[in-house]
Structure formats: structure tokens, C-alpha cells
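Undergrad: Structure for this input, please:
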Amino acid sequence: MFTTLISTRELGARVGVPGDASLVIVDVRHDLAQPEAWGESAYRVGHVPGARFAHIDRDLSAPKTGRNGRHPLPDADACARAFGRLGIDATKEVVAYDQGSGMYAARLWWMLRSLGHEAAAVLDGGFAAWTREGRPVTTEIPEFRGTRFVARGVPATIDAPAIAANLATPSFVLLDARARERYRGDVEPLDPVAGHIPGAVNMPYADDATPSPELLAADEIVVYCGSGVTACVPLLAIYAAGRTDVRLYPGSWSEWSRRGLPAETGPG
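TA: Down below sits the predicted model:
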């Protein structure tokens with residue numbers, strides 16, 4: 001059972017195996033600049049055989065209120081309904097992939113893991129690696145039945161007031177997964193305030209960083225990003241390193257900055 005990453009070779013050995021109904025492959029390709037126009041159209045042009053499509057906004061996010069961030073996390077019941085629509089239940093192994101970075105696939109992976117579904121993994125290298133290696137691609141849309149997903153537990157999250165109350169706690173480690181220039185406040189293309197949550201440490205999702213022993217030894221680890229999506233990449237890395245009690249701040253900087261909470265700029 002794969003619980004964090006799966007290689008293209010390992011997935012390739014499972015794709016198209018007759019009678020294997022235990023595997024659910026989910027295409028989560030997305031483009032923040034073209035949220036409606038790109039992901040599903042790319043899926044229809046070609047995808048891993050058997051893959052079904054999940055949309056970051058429609059399937060893996062809750063409605064926005066203007067104060068709860070750009071990709072609000074659905075509650076456990078809404079997550080369960082979405083997974084059921086995708087044909088996922090306790091008997092299924094899930095592999096998620098996106099265009100390559102893992103930032104969107106990791107969102108689905110974390111949502112499943114947070115509700116007790118451990119048999120979930122992200123395809124290492126995503127669709128880019130799959131096609132680069134000349135592996136099979138199809139335009140055929142698979143037929144599948146919905147099922148009932150039973151959530152076991154609730155997502156391991158933390159809200160803005162709880163973070164604000166712990167900013168002065170030395171054992172409370174807050175990781176910012178955004179790019180360095182956004183963390184420092186050099187640029188801010190999306191949110192009303194530049195910078196980061198005071199005391200946060202930068203761990204850019206695109207750096208493919210291995211969590212340090214000092215980080216893994218912290219009493220409490222919380223990860224955030226711009227809107228609760230790319231934060232799932234360092235969450236995946238921390239889980240893979242053996243630490244599974246880390247929490248997500250799903251509202252992330254998009255919510256924090258709109259609440260008028262304190263911000264910090266500079267290298268931190």
C-alpha cells in the first residue's frame with residue numbers, strides 16, 4: 001500500500017491490469033490563472049488510462065465568503081460526498097496526479113489522509129513524468145459508479161485565532177510554503193497585504209526540501225501557504241519523513257491578510 005509517493009514505474013505496473021478494481025486514479029491538474037479553462041480541458045486531451053477528473057475549486061474546495069480564503073477547505077461531510085462521487089471508499093487505493101509539481105495532487109492526498117484514508121499517494125513527477133517516459137495516455141473517459149465514503153475523524157487543521165494565540169510559543173513551529181519572494185513581502189500578486197505571519201519559517205513548496213531533524217522534533221508543526229493548496233506539498237514531505245501529527249492552516253495567507261491580522265516582512 002502506497003501512502004505518500006508512488007513512482008511512474010509502480011503505477012505503470014497497475015494501470016490496465018484486468019480485474020483490478022481496487023485502484024482509483026484521480027487527475028487533479030489545475031492552473032490558478034485559468035481555473036475553469038485549463039485543468040478539465042487538459043484531461044480531455046489526454047490522461048492516464050482509467051483516471052477520473054477532480055476540480056480543485058468545484059470538488060476540493062468549499063464556497064468562498066470573502067473572508068475564508070481562496071480555496072476554503074470543505075467540512076468532513078462535504079469531503080466524504082466528493083470522494084464518494086469519485087468512487088472512493090475504504091476498499092480503494094488512490095493515486096492522485098497533476099501536471100508535475102504535486103501541489104494540486106497533494107491537496108487531494110491530504111484531504112483523504114486527514115479523514116483516515118491512508119491508502120492514498122501522489123504520483124512522483126505527475127503527468128509530465130508519465131508522458132516524458134512514453135507511458136500510455138488516453139482520451140477515453142472511464143465509466144465508474146459513485147459509492148459511499150465514510151470519514152474517520154476530522155481534518156487536522158488550526159484556525160487563525162488559535163495561531164494568533166500561539167505566536168509567542170517557542171515550541172509552535174509555523175511553516176510558510178509560499179515562494180521566497182512572497183514570504184519576504186517583495187511581491188504580492190494575489191492578496192491585499194504582503195509578507196508573512198509573524199515568526200513563520202519559509203519552506204517553499206517548490207524546493208523539494210527534506211524536513212530537518214530539528215523540524216521533525218518540534219512539539220507542534222503547522223503549515224500554511226497562500227490558500228491552503230501548496231501547503232500540502234511540505235505536509236506530504238513531513239508525512240513521508242514519519243511525522244503525521246502536523247496540522248494545516250487551510251485559510252492560509254489569503255484569509256490571514258483579509259482579517260487584518262499582524263504581518264511581517266523580510267527574511268524572517
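
Undergrad: Now name the helix or strand holding Ala96.
TA: Counting by DSSP states H and E, the element that carries Ala96 is strand 93-97.

Undergrad: which residues sit against that strand?
TA: Contact partners of strand 93-97, identified using Cβ atoms under 8 Å, 6 or more residues apart in numbering, comprise 1-2, 6, 11, 22-29, 48, 51, 54, 88, 105-106, 108-109, 112, 117, 119-123, 126-127, 130. Quick note: C-beta positions are derived from backbone N, CA and C, even for glycine.

Undergrad: Out of these, which sit inside helices?
TA: When DSSP state H is applied, those are split such that 11, 105-106, 108-109, 112, 126-127, 130 fall in helices.

Undergrad: Looking at the record's assignment, how would you partition the protein?
TA: For the chain, the structural domains run 5-132, 160-258, going by automatic domain parsing.

Undergrad: Now the helix or strand encompassing Cys79: buried residues?
TA: Taking DSSP H and E as the definition, Cys79 sits inside helix 76-85. Burial within helix 76-85, assessed by neighbour count using 16 or more other Cβ atoms under 10 Å, is assigned to 76, 78-84.

Undergrad: Over to stretch 124-138?
TA: By neighbour count, and taking 16+ other Cβ under 10 Å as the criterion, the buried residues in stretch 124-138 are 124-127, 130-131, 135.

Undergrad: What is the distance between it and the centre of its chain?
TA: With Cα atoms, centre = their mean, to the nearest Å as the basis, the distance from the averaged C-alpha position of stretch 124-138 to the chain average is 20 Å.

Undergrad: Show me where the stretch 101-250 of the chain has its strands.
TA: Taking DSSP state E, counting those that start in this stretch to define them, one finds strands in the stretch 101-250 of the chain at 120-123, 172-176, 201-202, 220-224, 247-248.

Undergrad: Would you mind listing the residues in contact with Ala156?
TA: Residues in contact with Ala156 (Cβ under 8 Å, 6+ apart) are 114, 245-248.

Undergrad: can you redo those residues as JSON lines with distance to Ala218 and neighbour count?
TA: Conversion of those to JSON lines gives the following (distance: Cβ to Cβ, whole Å; neighbours: other Cβ atoms under 10 Å):
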{"residue": "Ser114", "distance to Ala218": "20", "neighbour count": "22"}
{"residue": "Asp245", "distance to Ala218": "10", "neighbour count": "10"}
{"residue": "Val246", "distance to Ala218": "9", "neighbour count": "23"}
{"residue": "Arg247", "distance to Ala218": "12", "neighbour count": "18"}
{"residue": "Leu248", "distance to Ala218": "15", "neighbour count": "23"}
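
Undergrad: Separate out the buried members of the contacts of strand 93-97.
TA: In terms of neighbour count (16+ other Cβ under 10 Å), the buried residues within those are 2, 6, 11, 24-29, 48, 51, 54, 88, 105-106, 108-109, 112, 117, 119-123, 126-127, 130.

Undergrad: And Leu175, how far from Gly251?
TA: According to Cβ to Cβ, to the nearest Å, Leu175 stands 15 Å off from Gly251.

Undergrad: if we can go back for a sec, of the contacts of Ala156, which is the nearest to Asn166?
TA: Nearest to Asn166, judged by Cβ to Cβ, of these is Arg247 at 11.1 Å.

Undergrad: Surely the closest one and Val223 touch.
TA: Yes: in this structure Arg247 lies within contact range of Val223 using Cβ atoms under 8 Å: 7.4 Å.

Undergrad: Tell me how many other residues crowd the closest residue in space to Gly84 that isn't next to it in sequence.
TA: Nearest in space to Gly84, with sequence neighbours left out and distances taken as Cβ to Cβ, 6 or more residues apart in numbering, is Phe149 at 4.4 Å. Residues contacting Phe149 under the criterion other Cβ atoms under 10 Å number 22.

Undergrad: check contacts around the residue most central in space within the chain.
TA: Central residue of the chain (Cα atoms, centre = their mean): Arg107, 1.8 Å from the mean position. In this structure, Arg107 makes contact with 28, 56, 60, 71, 228-229, 232, judged by Cβ under 8 Å, 6+ apart.
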